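[1] missing the sequence, but the structure's below:
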């Protein structure tokens with residue numbers, strides 16, 4: 001199969017485990033192919049954890065989960081040097097932490113203090129971890145998907161702006177429509193029935209049989225091949241200028257609209273432009289095009305910029321969201 005067919009199979013495999021939430025699945029795929037990290041925000045029970053577990057199950061990849069808690073230490077994430085004694089003497093050897101995996105789920109990342117959150121910064125940006133003066137490289141396929149709950153603020157630590165900017169996308173998960181919720185109920189019930197049947201068969205046979213694996217595991221090479229093809233997606237000078245104009249408008253909003261100026265306090269960094277370019281090219285590739293058009297940019301701009309905008313007190317007082325600001329931005333920045 002071609003790289004596109006294999007990635008389509010991966011997306012379909014995740015879709016079998018996640019009812020609805022097609023936009024979330026697509027953004028997981030974009031993050032994987034764009035070699036970026038995702039911050040996923042949503043209420044409890046909306047399949048944030050299940051989504052990345054489904055990706056790991058259908059992809060040839062090591063999966064690691066870090067449950068962030070207030071008493072977590074940076075070494076619990078990155079690993080640490082351990083003194084090892086043997087017949088030849090003793091020495092310090094690096095014991096890697098759970099960050100050393102292909103797909104890392106940082107669950108409820110805002111429940112740990114800033115010093116623990118910052119342990120992810122070097123790994124997310126530089127694809128390496130430095131412990132005791134020694135640098136340890138991450139695997140070639142590496143992605144962090146962090147989750148956070150938007151409603152519980154007691155006992156949480158807001159992510160620093162420096163760390164927020166390192167996420168390629170900030171993905172929001174909302175409630176599913178009632179038709180999808182019916183399918184969710186049936187899916188979970190069928191999974192429970194299958195698990196009960198396997199347990200009964202194992203007890204009858206007196207043997208422990210591992211759960212059946214998906215029939216087709218997508219190789220890591222398919223991801224690397226897809227990235228190579230995405231790198232060749234054509235982006236015209238007009239589209240590059242359009243993306244730059246959109247990001248620049250967040251820094252100088254008064255040049256475009258008085259309302260934008262009253263809503264935006266801090267604009268997006270150059271990482272916002274880079275994220276737009278990577279995500280738009282990946283979206284175009286997934287749609288089967290070899291060029292980027294405005295539809296690709298509009299399809300990813302909210303996820304790429306919503307966490308990079310600092311809103312004014314006036315906007316917050318009016319209940320204006322970053323998405324509403326981006327909607328107004330798109331109205332005032334002209335297409336080339």
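    Sure, I can see it. Given the structure is predicted, the values throughout are model-derived calculations rather than measurements. Numbering: from 1, shown residues only.
[2] now residue 167, nearest residue through space, not along the chain?
    residue 39 (4.3 Å; CB to CB, 6 or more residues apart in numbering). (C-beta placed from N, C-alpha, C; glycine too.)
[3] Contact partners for the one you found?
    By CB atoms under 8 Å, 6 or more residues apart in numbering, the residues touching residue 39 are 109, 146-148, 159, 164, 167, 169-171, 307.
[4] Buried among these? Make that a ChimeraX selection.
    Here is the ChimeraX command that picks out the buried ones among these, judged by 16 or more other CB atoms under 10 Å:
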select :109,146,147,148,159,167,169,170,171,307
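[5] Show me what counts as buried in the longest helix seen in the chain.
    Looking across the chain with DSSP state H, the single longest helix is helix 178-205. Going by neighbour count (16+ other CB under 10 Å), the buried part of helix 178-205 is 180, 184.
[6] who touches the following helix or strand past that helix?
    Per DSSP states H and E, the first helix or strand lying C-terminal to helix 178-205 is helix 220-231. If you take CB under 8 Å, 6+ apart as the criterion, helix 220-231 is touched by 1, 3-4, 6-7, 10, 32-35, 59-61, 102, 140-141, 281-282, 285.
[7] Give the next helix or strand downstream of helix 220-231.
    Next helix or strand after helix 220-231 toward the C-terminus (DSSP H and E): helix 237-251.
[8] Determine the three-state secondary structure at the residue nearest to residue 167.
    Of the three states, residue 39 takes strand under DSSP: H, G, I helix; E, B strand; the rest coil.
[9] PyMOL command for the buried members of the contacts of helix 220-231?
    The PyMOL command for the buried members of the contacts of helix 220-231 (criterion: 16+ other CB under 10 Å) is given here:
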select buried, resi 3+6+7+10+32+33+34+35+59+61+102+141+281+282+285
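[10] can you tell me which of the contacts of helix 220-231 are in helices?
    Using DSSP H, the contacts of helix 220-231 in helices are 3-4, 6-7, 10, 32-33, 281-282, 285.
[11] how about CSV for these, with distance to residue 113 and pLDDT added?
    Below are those laid out as CSV (distance: CB to CB, whole Å; pLDDT from 0 to 100):
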residue, distance to residue 113, pLDDT
3, 41, 91
4, 43, 91
6, 40, 93
7, 37, 94
10, 35, 92
32, 29, 95
33, 33, 96
281, 36, 97
282, 33, 97
285, 39, 96
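[12] What is the nearest of the residues you listed to residue 297?
    Nearest to residue 297 out of the ones in helices among the contacts of helix 220-231 is residue 281 (CB to CB; 10.1 Å).
[13] contacting residues around the residue nearest to that closest one when sequence neighbours are not counted?
    Distance criterion CB to CB, 6+ apart; nearest residue to residue 281, sequence neighbours excluded, is residue 233 at 4.3 Å. Counting by CB under 8 Å, 6+ apart, residue 233 makes contact with 281, 284-285, 289-292.
[14] Closest to residue 19 out of those?
    Once CB to CB is applied, the member of the contacts of residue 233 that ends up nearest residue 19 is residue 285, at 25.8 Å.
[15] these two touch, right, that closest one and residue 4?
    Yes. Residue 285 is within contact range of residue 4, at 7.4 Å (criterion: CB atoms under 8 Å).
[16] Can you report the mean pLDDT over the residues of stretch 319-330?
    Computed over stretch 319-330, the mean pLDDT rounds to 94.
[17] Show me which positions of it end up buried.
    320-322, 325-326, 328-329.
[18] List just the nearest of these to residue 191.
    Closest approach between the buried residues of stretch 319-330 and residue 191, by CB to CB: residue 321, at 35.2 Å.
[19] what's near enough to touch the closest one?
    Per CB under 8 Å, 6+ apart, neighbours of residue 321: residue 306.
[20] one more time with 10 Å, if that's ok
    172, 263, 302, 306, 309, 311, 315, 327 (CB atoms under 10 Å, 6 or more residues apart in numbering).
[21] all helices of the stretch 1-150 of the chain, in order?
    3-17, 22-33, 48-58, 74-78, 114-117, 121-126 (DSSP state H, counting those that start in this stretch).
[22] I'd guessed residue 288 sits against residue 4; true?
    Yes. With contact defined as CB atoms under 10 Å, residue 288 reaches residue 4; the gap is 7.4 Å.
[23] Could you pull up the contacting residues of the residue nearest to residue 217 when sequence neighbours are not counted?
    Nearest non-adjacent residue to residue 217, counting by CB to CB, 6+ apart: residue 60, 5.2 Å away. Applying CB under 10 Å, 6+ apart, we find residue 60 in contact with 102, 141, 217-223.
[24] ok, residue 60 to residue 112 distance?
    Using CB to CB, to the nearest Å, we find residue 60 at a distance of 30 Å from residue 112.
[25] same check, this time on residue 203
    Residue 203 sits 40 Å away from residue 112, going by CB to CB.
[26] Just the buried residues of the contacts of residue 233.
    Buried members of the contacts of residue 233, counted by 16+ other CB under 10 Å: 281, 284-285, 292.
[27] For those residues, give me CSV that also has distance to residue 81.
    Output for those, formatted as CSV (distance: CB to CB, whole Å):
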residue, distance to residue 81
281, 40
284, 45
285, 42
292, 46
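[28] pLDDT score for the residue nearest to residue 281?
    96.
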